[in-house]
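> model the structure of this input:
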Amino acid sequence: MNIDWAALGSVFGVSLVVTVAMVGVFTLGVVGLARREAAVSRQGGTALATTGACLCFVACAAVVGYGIQLIVA
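Reported below is the predicted structural model:
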């Protein structure tokens, strides 16, 4: 059995970068929801925080959906 270490390293590197990016984007979404809750308690505007959080969660869902599509195809 011959292992292509360069390809294995490439897959590992890409998966590591995507994982860190997904955690960061999801964290931004959670922070956006927290800011929305803080703005609600201060009677402030919540549209920007809500929109940003929703976009972060949609981006996470799109990346997960694309990954599933790559696995199935």
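> CA atoms for contacts and neighbours, from now on please.
Noted.
> in the helix ranked longest in the chain, which residues are buried?
In the chain, assigned by DSSP state H, the helix with the most residues is helix 5-41. Using 16 or more other C-alpha atoms under 10 Å as the test for burial, helix 5-41 gives 22, 25, 26, 28, 29, 30, 32, 33, 35, 36, 37.
> tabulate those (CSV), appending distance to residue 68 and pLDDT.
Listed next are the buried residues of helix 5-41 as CSV, based on distance: C-alpha to C-alpha, whole Å; pLDDT from 0 to 100:
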residue, distance to residue 68, pLDDT
22, 15, 96
25, 19, 95
26, 18, 96
28, 23, 93
29, 22, 93
30, 23, 94
32, 27, 89
33, 27, 90
35, 31, 86
36, 31, 85
37, 33, 83
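> which one of the residues you listed is nearest to residue 47?
Of all these, residue 36 has the smallest distance to residue 47: 8.1 Å, by C-alpha to C-alpha.
> verify the contact between that closest one and residue 52 for me.
No: with contact defined as C-alpha atoms under 8 Å, residue 36 and residue 52 do not form a contacting pair (10.0 Å).
> neighbours of residue 43, just the number please.
Close neighbours of residue 43, defined as other C-alpha atoms under 10 Å, add up to 9.
> just the one 10 residues further on next, same as before
For residue 53, the tally of surrounding residues (other C-alpha under 10 Å) stands at 24.
> quick one: it and residue 8, what's the gap?
From residue 53 across to residue 8, the span is 34 Å (C-alpha to C-alpha, to the nearest Å).
> and the closest residue to residue 60 other than its chain neighbours, how far from residue 11?
Leaving aside its sequence neighbours, residue 60 sits nearest to residue 22 (C-alpha to C-alpha, 6 or more residues apart in numbering; 6.3 Å). In this structure, residue 22 and residue 11 are 16 Å apart, going by C-alpha to C-alpha.
> isn't residue 52 up against residue 29?
Yes: Residue 52 lies in contact with residue 29 (C-alpha under 8 Å); the separation is 6.9 Å.
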